[in-house]
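next one to model:
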Amino acid sequence: MRVGSRQEKAESARTSISPTTVATTGRATFLHNVVLFGRLLRHLGMGITAAQLADVARALPLVDMRSREDVKAAMRALLVSRREHIALFDRAFDLFWSRHWEFPLWPRSEEAGEEGEEAWEILRREWAEGAVEVPPDEELLPDRVLTFSAREVLRHKDFAELTETELEELKRLMQEMAWAPEARRTRRRVRASRGPYVDLRGSFRRNLRYGGEPLVLVRRRRKEKPRPIVALCDVSGSMERYSRVLLQFLYAMTHRLDTVEVFVFSTRLTRITRELRRREVDEALRDAARAARDWGGGTRIGEALKAFNYTWSRRVLGRGAIVLIISDGWDRGDIDLLEQEMARLQRSAYRLIWLNPLLGMPGYEPLTRGLVAALPFVDDFLPVHNLASLEHLAALLERLRHTPPARS
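The predicted structure follows:
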């Protein structure tokens, strides 16, 4: 029997092995090496998630795994989400899989680990020479360390304790949050497959095909629209540790919802809705800080609420608006005025929610004069000191219909 060369054996294996055989043989090794490749991409600054790697594991058995280009295209489609990462992915793929594209197509686990380190070193060298664009080490730090557990720690870490790197990641997570406040029923009626109201005109027109006999009844229901949200954020000196992060939260909410009005106050009230509509968050925050000339000053909550009630409430509190007051409650103004304006504001709002960043501290008690005067008129008193508290607020806004405020 003639013994063929190694190249002939490899060529024979490529042509005789079906994709199904390739997908089922060495599956554990295959999955392990896909994870290692994803770790390399994350090491290079690409935000690869576990869900994306699971999609790769499910999708590759559906393509012709004998074709290197087909597998590469499938993985690129599932793992690359930014145009500037395409060239980086292609180079990393070629380096990681280059010497292993023969049955079983994937390197052994221990070889893959060494191959990943070697690919990383080659890419770093090429980046230094300008041959490929790889982010420098300081830009890769968030993607290196932000595992699931690290993200969970970030969810429960106080805003005042975040590093610059964590603040950047928090900014991205805030922009990904889903805000779906409870909808209100309007007076307007719309066509529906099922509804409590009969559309007489539509029913008459529909039954013309039956000779005018009322065989089909067209239904209508009340149209629903999301409730407007009005936020009044304290930017006085006592809120300095939280003001910027909370404005990033309001920026994210403003860009997720159409009916959001944002005001800031210290010694006076300033509307910053237009500034927060800017495309870039940093530019929006700079414009907002420039518009609020009393930023970091004293706190006069009563005067700010009076200015809102007399100037803005009729414009923005219609249609069952939800009002968010974000403040630690420290107040240097007239307490009687604060109590009077809080009562007026509660009567105008569908729901009045006070968010206090200090409420998340162990042992904290709301004993300041401002909070003692305001709390009797507050429907919900909640912390707003970390990402988990914002998620709790989003969940509360979704279920307001089922939890009406208990007002006397």
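
any idea which helix or strand in this structure has the lowest mean pLDDT?
Lowest by mean pLDDT, DSSP states H and E among the helices and strands of the chain is helix 137-145, with a mean of 38.

the strands in the stretch 101-250 of the chain, which residues?
For the stretch 101-250 of the chain, applying DSSP state E, counting those that start in this stretch gives strands covering 183-192, 197-198, 219-226, 229-234.

got these as CSV, with distance to Leu208 columns?
The C-beta positions use only the backbone N, C-alpha and C, and glycine is treated the same way. Formatted as CSV, the strands of the stretch 101-250 of the chain follow (distance: least, Cβ to Cβ, whole Å):
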stretch, distance to Leu208
strand 183-192, 17
strand 197-198, 16
strand 219-226, 18
strand 229-234, 45
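
can you list contacts of stretch 257-264?
179, 181, 226-235, 247, 250, 253-254, 269-273, 276, 288, 292, 295, 304, 308, 312, 316, 319 (Cβ atoms under 8 Å, 6 or more residues apart in numbering).

with just CA atoms, put that stretch into PDB.
Taking C-alpha atoms only, stretch 257-264 is exported to PDB below (Å, rounded to 0.1, in the frame of the first residue of the first chain):
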ATOM      1  CA  LEU A 257     -37.900  59.000  25.900                       C
ATOM      2  CA  ASP A 258     -39.600  61.800  24.000                       C
ATOM      3  CA  THR A 259     -41.500  63.500  26.800                       C
ATOM      4  CA  VAL A 260     -38.800  64.400  29.400                       C
ATOM      5  CA  GLU A 261     -38.300  67.900  30.900                       C
ATOM      6  CA  VAL A 262     -35.200  68.500  33.000                       C
ATOM      7  CA  PHE A 263     -34.500  71.400  35.400                       C
ATOM      8  CA  VAL A 264     -31.600  72.000  37.800                       C
END
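
what about Ala284, which helix or strand?
helix 281-291 (DSSP states H and E).

most centrally placed residue in the chain?
By Cα atoms, centre = their mean, the chain has its centre lying nearest to Glu176, at 1.4 Å.

that one and Arg83, how far apart?
According to Cβ to Cβ, to the nearest Å, Glu176 and Arg83 sit 20 Å apart.

swap in Ala288?
31 Å.

over to Gly329?
Counting by Cβ to Cβ, the gap from Gly329 to Arg83 is 47 Å.

going through the contacts of stretch 257-264, which ones are buried?
Among these, those classed as buried by 16 or more other Cβ atoms under 10 Å are 179, 181, 226-235, 247, 250, 253-254, 269-273, 276, 288, 292, 295, 304, 308, 312, 316.

strands along the stretch 251-400 of the chain, start to end?
Going by DSSP E, counting those that start in this stretch, the stretch 251-400 of the chain shows strands at 260-265, 269-271, 322-326, 351-356, 380-383.

would you turn those strands into a markdown table with mean pLDDT?
Formatted as a markdown table, the strands of the stretch 251-400 of the chain follow (pLDDT from 0 to 100):
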| stretch | mean pLDDT |
| --- | --- |
| strand 260-265 | 93 |
| strand 269-271 | 93 |
| strand 322-326 | 94 |
| strand 351-356 | 94 |
| strand 380-383 | 93 |
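
now the ones you listed in JSON lines, with distance to Gly363?
Listed next are the strands of the stretch 251-400 of the chain as JSON lines, based on distance: least, Cβ to Cβ, whole Å:
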{"stretch": "strand 260-265", "distance to Gly363": "28"}
{"stretch": "strand 269-271", "distance to Gly363": "32"}
{"stretch": "strand 322-326", "distance to Gly363": "22"}
{"stretch": "strand 351-356", "distance to Gly363": "14"}
{"stretch": "strand 380-383", "distance to Gly363": "13"}
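
what about Val80, neighbour count?
19 (other Cβ atoms under 10 Å).

hmm, Met46 and it touching each other?
Yes: between Val80 and Met46 there is a contact under Cβ atoms under 8 Å: 7.3 Å.

overlap in contacts, the two.
What both Val80 and Met46 touch, as defined by Cβ under 8 Å, 6+ apart, is the set Phe89.

how close does the residue nearest to the centre of the chain get to Gly45?
Distance from Glu176 to Gly45, by Cβ to Cβ: 18 Å.

what's the answer for Arg191, then?
From Arg191 to Gly45 the distance is 50 Å (Cβ to Cβ).

more neighbours: which of the two?
Shown here are Arg191 and Gly45; by other Cβ under 10 Å, Gly45 has more neighbours (20 against 11).

and that one, helix, strand or coil?
State at Gly45, reduced to three classes by DSSP: H, G, I helix; E, B strand; the rest coil: coil.
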